[in-house]
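Asker: Here's my sequence, what's the structure:
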Amino acid sequence: MKKSDSTRDRLTETSSKAEFGSQLGLTNLALLSLTILALLLCYFIAKPFIASLAWAAAFAILGWPLHRKICHWVPYSTLAATLSCTVIALVVIIPSAVVIPGAIEEAFNGYKLIRAQIESGAWDQAFANHVWIATTWDWLRQRLDIGDVLQRAGSALTTLSTFAVKASVARIVEFLMTFLFLFYFLRDRDTLLVSIRGLLPMTPTETGRVFGVVSDTIYATVYGKVLVGIVQGVLGGAMFWWLDIPAAWFWAVVMGLMSIIPLLGPPIVWGPAALLLMLNGELGEGVLLLAWGVTIVGLADNFLYPIVVGKYLRLHTVPLLIALIGGVLVFGAMGLFLGPVILALAFVSLQIWRDRSHELKK
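Answerer: Residues are numbered from 1 along each chain as shown. Sure thing, here's the model as predicted:
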């Protein structure tokens, strides 16, 4: 009789545990569904500000050493954050205010020069001295209406300049929001980090790994690209100056900025310049510029970037290139650093899961 009662008690206990486990599973499922729904709604709410938040986070990481020095001189956190934001804003505004209008103006000047040379027949005379170019030129003229192409190019440049003016209002709002967020990221950094660490379902060691990867990735992509851009701009500008090309150092700045953009880079500047030199009869100068661009300017990227980035970011060139290009296509300009950050986060998350699985097997 006692044995039967004991068996019945065990069955009852097992049934109770199964029922409790089932209820717990349903509770966890409901909580997971609610969490996913809440995060999805938060994404839609924050979507208009994602660009500003991403830029602010990047500027906060890059500008933290500067802000820390300012905090030594200024004991008031609000004033120190205001000064840091002002300095960072000036560093961003001044190059943009100088380069963008100048690039549009130079593009218009180049367009007018090319149109004048084509309409005057100067290019036809220059091509006649080079059979291989003349054959290509004749092939193009048979298949393209050069006048229509020039008209479309002029319309595109006009549209670009108009768009830049119209978009300035939206850019100003985004700019102001970026530096508003940056102010709070700098002033309240420690509080924000503690809050984020408390929300992440990770150990302090794992959270430290994630934060370290994000910081190193932003440093590597931004500083690596900036350093390579400076070197390529200087090298390209030096050759422009040597060949007495107008506005040489302005184009050096443009080449430096273009080197940051994947699949474009300095060839978007020195390539047409070399072609124009050759078309104007300066074949030796054009070939020299072409050779300099392909060898010296081009190889600077392949040589310097892995050295700078390799210290912080251990990613193969192929996934890094995909992250850069895909990031730009999905997120716009901020994708230059956001793409690599997302890729690095995916890698470190997989590594954390792998480490946890190894620990469970022990």
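
Asker: Report the contact partners of the closest residue to residue 88 other than its chain neighbours.
Answerer: In this structure, residue 88 finds its nearest non-sequential neighbour in residue 63, 4.9 Å apart by CB to CB, 6 or more residues apart in numbering. From N, CA and C alone the C-beta is placed, and that goes for glycine too. Going by CB atoms under 8 Å, 6 or more residues apart in numbering, residue 63 touches 84, 87, 88, 182, 186.

Asker: what do you get if the cut-off is 10 Å, keeping everything else the same?
Answerer: Counting by CB atoms under 10 Å, 6 or more residues apart in numbering, residue 63 touches 70, 84, 85, 87, 88, 91, 182, 185, 186.

Asker: Turn the buried ones among these into a named ChimeraX selection, would you?
Answerer: The buried subset of the contacts of residue 63, as determined by 16 or more other CB atoms under 10 Å, is captured in ChimeraX by this line:
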select :70,84,85,88,182,185,186
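
Asker: how about CSV for the contacts of residue 63, with secondary structure, pLDDT and distance to residue 332 added?
Answerer: What follows is the contacts of residue 63, written out as CSV (DSSP: H, G, I helix; E, B strand; the rest coil; pLDDT from 0 to 100; distance: CB to CB, whole Å):
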residue, secondary structure, pLDDT, distance to residue 332
70, helix, 91, 30
84, helix, 92, 25
85, helix, 91, 22
87, helix, 91, 25
88, helix, 88, 20
91, helix, 81, 20
182, helix, 91, 18
185, helix, 92, 20
186, helix, 91, 24
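
Asker: My read is that residue 322 contacts residue 339, right?
Answerer: Yes: between residue 322 and residue 339 there is a contact under CB atoms under 10 Å: 8.1 Å.

Asker: The two: which has the busier surroundings?
Answerer: The neighbour comparison of residue 322 against residue 339 (other CB atoms under 10 Å) goes to residue 339, with 25 against 15.

Asker: What is the burial count for residue 218?
Answerer: Counted with other CB under 10 Å, the neighbours of residue 218 add up to 23.

Asker: so where's the chain shaky on pLDDT?
Answerer: 1-26, 28, 94-115, 117-170, 261-264, 279, 281, 302, 305-317, 362 (pLDDT under 70).

Asker: which residues touch residue 288?
Answerer: Counting by CB under 10 Å, 6+ apart, residue 288 makes contact with 239, 242, 243, 274, 277, 282.

Asker: hang on, the second one packs against residue 285?
Answerer: So the one you mean is residue 242. Yes: at 9.3 Å, residue 242 counts as touching residue 285 under the criterion of CB under 10 Å.

Asker: Neighbour count for those two, which is higher?
Answerer: Legend: neighbour count by other CB under 10 Å for residue 242 and residue 285, higher for residue 285 (19 against 13).

Asker: residues contacting that one?
Answerer: Shown in contact with residue 285 (CB under 10 Å, 6+ apart): 239, 242, 243, 244, 245, 273, 274, 277, 278.

Asker: Could you tell me which of the residues you listed belong to strands?
Answerer: Among these, no member falls in strands (DSSP state E).

Asker: Now flag whichever of those residues is closest to residue 41.
Answerer: Here the nearest of the contacts of residue 285 to residue 41, counting by CB to CB, is residue 273; it sits at 51.4 Å.

Asker: count of residues packed around the closest one?
Answerer: 22.

Asker: Could you do residue 55 as well?
Answerer: The number of residues packed near residue 55 is 22, by other CB under 10 Å.

Asker: same deal with residue 62?
Answerer: Residue 62 has 18 neighbouring residues, counting by other CB under 10 Å.

Asker: Does residue 332 touch residue 51 like I think?
Answerer: Yes: between residue 332 and residue 51 a contact is recorded at 6.9 Å, counting by CB under 10 Å.

Asker: Now list whatever residues contact both of the two.
Answerer: The overlap between the contact sets of residue 332 and residue 51 (CB under 10 Å, 6+ apart) consists of residue 338.

Asker: circling back: what do residue 242 and residue 285 both touch?
Answerer: Counting by CB under 10 Å, 6+ apart, residue 242 and residue 285 have no contacts in common.

Asker: what sits against residue 296?
Answerer: By CB under 10 Å, 6+ apart, the neighbours of residue 296 are 232, 235, 236, 238, 239.

Asker: so where do the helices sit in the stretch 251-362 of the chain?
Answerer: 267-279, 283-292, 298-310, 317-331, 335-361 (DSSP state H, counting those that start in this stretch).

Asker: among those, which is the most enclosed?
Answerer: helix 267-279 (a mean of 19; mean count of other CB atoms under 10 Å).

Asker: now that one against helix 283-292, angle please.
Answerer: Put simply, helix 267-279 runs at 160 degrees to helix 283-292, going by axes from the mean of the first three to the mean of the last three CA atoms, to 10 degrees.

Asker: Many thanks, have a good one.
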